[in-house]
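Undergrad: quick one, structure for this:
(one chain, ligands or ions: 2)
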Amino acid sequence: MNRVFAELPTTVFERMSQLAREHGAVNLGQGFPDDPGPEDVREAAARAVMDGPNQYPPMMGLPALREAIAVHYARHQGLTLDPDTEVMVTSGATEALAGALLALIEPGDEVVLFAPMYDAYLPLVRRAGGVPRIVNLLPPAFRLDEAALAEAFSDRTKLVLLNNPLNPSATLFGHEDLALLARFCCAHDVIALCDEVWEHVVFDGARHLPLMALPGMRERTVKIGSAGKIFSLTGWKVGFVTADAQLMRVLAKAHQFLTFTTPPNLQAAVALGLGKDDAWFEAMRAGYARSRDHLAEGLRQRGFTVLPAAATWFLNIDIAPLGHHDDVAFCEALVTRHGVAAIPVSAFYPEEAVRHIVRLCFAKADPTLDAALDRMSGLA
Ligand code: PMP
Ligand code: GLN
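TA: Ligands and ions are numbered 1, 2, ... in the order given. So this is what the prediction gives:
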């Protein structure tokens, strides 16, 4: 058995959802929305299930979807991508991450990671033989810091893995942060793997800037996206990778033996969805921003300290002012005794640098949020 995987606990999202089911809790833990996703996209998928395509699509993805991804990123982020050589469809961002790490790391290569980090990153880096160099980003700001980067990067650094916007802290890194990181990537000749699955879920008029767009980064950035987040269809697992053709050739070698292809019917529907107009994207963001504000306001009224949330479906509360310093114990009591599931953010810090932050998913209808708020009354 492989030691890295044998010693892993089951992911915190699965555990908390299981506890939520057992205790009849309102589930604000695992990130999935109440919104069923756009009807026309779901109808297109249903039609494609009945009429096809239903056989193996090309391994790089349906041509119509690769074309739609290139057009989409040109329109929304000003990127110029060749759909034939620089775009690949994967079975979710998760496959894209696993494949990229398998394809790009040699055992012993150093990989710079930022905590809090999505829980899949570290086991995948380790399983690929990478040597993690972790930079802790601390609440409440969770900003990149030049001194910490200088300490983490070395001649042995081969790859840096950035999640922007960042789950779970809901931070959006802007031009200044990205330029700082780009400077280190160029100086140390490092590949940047940029998990941008939350690229469209940004609030308050802010815009997502892809790391790939920064000077010197076009040839060294692998950008990952996910239709699950864009269209509130998390179970679909349709992801996309964009990268320079030379990198893509290697990424495709991993993809061909991980999943090879992704359901073609869902790909056809995502191709249609990516063409939605600006008004649709604005409405989607506005809807989630309203839910964020609803939950944040309700929590503040009940005495909780709420951290800012610039992006994603998540907001965080600081439980230290309530006298709590163990987020795992807090979340266990919250789900078992009070009927609300949340995620302890220490699960995203491999070095347990932070233990007083709790993540709540606000991508829910108001009655769901109100039910959770009712159950949290009197806790702070
Ligand atoms: N990366 C991040 C930062 C995520 O938050 C998620 C899922 N929430 C994923 C990757 C996985 O995406 P997918 O479901 O497309 O595999
Ligand atoms: N990415 C989702 C979250 O952050 C959950 C994904 C999963 O369940 N593995 O909650």
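
Undergrad: excluding chain neighbours, what is closest to Gln30?
TA: Spatial nearest neighbour of Gln30, excluding adjacent residues (Cβ to Cβ, 6 or more residues apart in numbering): Phe13 at 4.1 Å. The C-beta positions use only the backbone N, C-alpha and C, and glycine is treated the same way.

Undergrad: roughly how far apart are the one you found and ligand 2?
TA: Separation of Phe13 from ligand 2 (Cβ to the nearest ligand atom, to the nearest Å): 3 Å.

Undergrad: for that residue, report the pLDDT, please.
TA: With respect to pLDDT, Phe13 scores 94.

Undergrad: which of the three states applies to it?
TA: helix (DSSP: H, G, I helix; E, B strand; the rest coil).

Undergrad: that one: what's it in contact with?
TA: Shown in contact with Phe13 (Cβ atoms under 8 Å, 6 or more residues apart in numbering): Gly29, Gln30, Gly31, Asp119, Ile343.

Undergrad: ok, now His338?
TA: Contacts for His338 (Cβ under 8 Å, 6+ apart) come out as Arg375, Met376, Leu379.

Undergrad: same question for Ala341.
TA: Residues in contact with Ala341 (Cβ under 8 Å, 6+ apart) are 16-17, 19-20, 25-30, 331, 334-335.

Undergrad: sorry, back to before: check the contacts of His338 one by one and keep those near ligand 2.
TA: With Cβ under 6 Å from any ligand atom as the criterion, the contacts of His338 include none near ligand 2.

Undergrad: surely Pro264 is in contact with Asp51?
TA: No. Shown here, Pro264 and Asp51 do not form a contact pair, counting by Cβ atoms under 8 Å, at 11.5 Å.

Undergrad: who has more neighbours, the two?
TA: Per other Cβ atoms under 10 Å, whichever of Pro264 and Asp51 has more neighbours is Pro264, with 22 against 10.

Undergrad: check the gap between that one and ligand 2 for me.
TA: Applying Cβ to the nearest ligand atom to Pro264 and ligand 2 gives a distance of 24 Å.

Undergrad: check Asn167 too.
TA: From Asn167 to ligand 2 the distance is 5 Å (Cβ to the nearest ligand atom).

Undergrad: swap in Asn136?
TA: As judged by Cβ to the nearest ligand atom, Asn136 and ligand 2 stand 19 Å apart.

Undergrad: and that residue, what does it touch?
TA: By Cβ under 8 Å, 6+ apart, the neighbours of Asn136 are Phe114, Ala115, Ala148, Tyr349, Glu351, Ala353, Val354.

Undergrad: could I get those residues as a markdown table with pLDDT, secondary structure and distance to ligand 2?
TA: Formatted as a markdown table, those follow (pLDDT from 0 to 100; DSSP: H, G, I helix; E, B strand; the rest coil; distance: Cβ to the nearest ligand atom, whole Å):
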| residue | pLDDT | secondary structure | distance to ligand 2 |
| --- | --- | --- | --- |
| Phe114 | 98 | strand | 15 |
| Ala115 | 98 | strand | 14 |
| Ala148 | 97 | helix | 24 |
| Tyr349 | 97 | coil | 14 |
| Glu351 | 92 | coil | 19 |
| Ala353 | 94 | coil | 19 |
| Val354 | 97 | coil | 16 |
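
Undergrad: give me the buried entries from those residues.
TA: Burial by neighbour count, 16 or more other Cβ atoms under 10 Å: within the contacts of Asn136 this picks out Phe114, Ala115, Ala148, Tyr349, Val354.

Undergrad: dump the residues you listed into CSV; add distance to ligand 1 as well.
TA: Converted to CSV, the buried ones among the contacts of Asn136 look like this (distance: Cβ to the nearest ligand atom, whole Å):
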residue, distance to ligand 1
Phe114, 11
Ala115, 13
Ala148, 20
Tyr349, 15
Val354, 17
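
Undergrad: quick check: residues of this protein near ligand 2?
TA: For the chain, the contact set with ligand 2 under Cβ under 6 Å from any ligand atom comprises Thr11, Phe13, Gln30, Gly31, Asn167.

Undergrad: can we see that at 5 Å?
TA: By Cβ under 5 Å from any ligand atom, the residues of the chain that approach ligand 2 are Phe13, Gln30, Gly31.

Undergrad: any idea what the residue in the stretch 201-350 of the chain that ligand 1 sits nearest to is bridged to?
TA: Nearest residue of the stretch 201-350 of the chain to ligand 1: Ser226, at 3.4 Å (Cβ to the nearest ligand atom). Beta-bridge partners recorded for Ser226 (DSSP bridges): Gly239.

Undergrad: hmm, back to that, which one of the contacts of Ala341 has the most neighbours?
TA: The residue in the contacts of Ala341 with the most neighbours, by other Cβ under 10 Å, is Leu28 (30 neighbours).

Undergrad: looking at it, Trp124 is touching Leu101, isn't it?
TA: I think there's a mix-up here, since residue 124 is Leu and not Trp. Yes. The pair Leu124 / Leu101 is scored as a contact, 4.8 Å apart, by Cβ under 8 Å.
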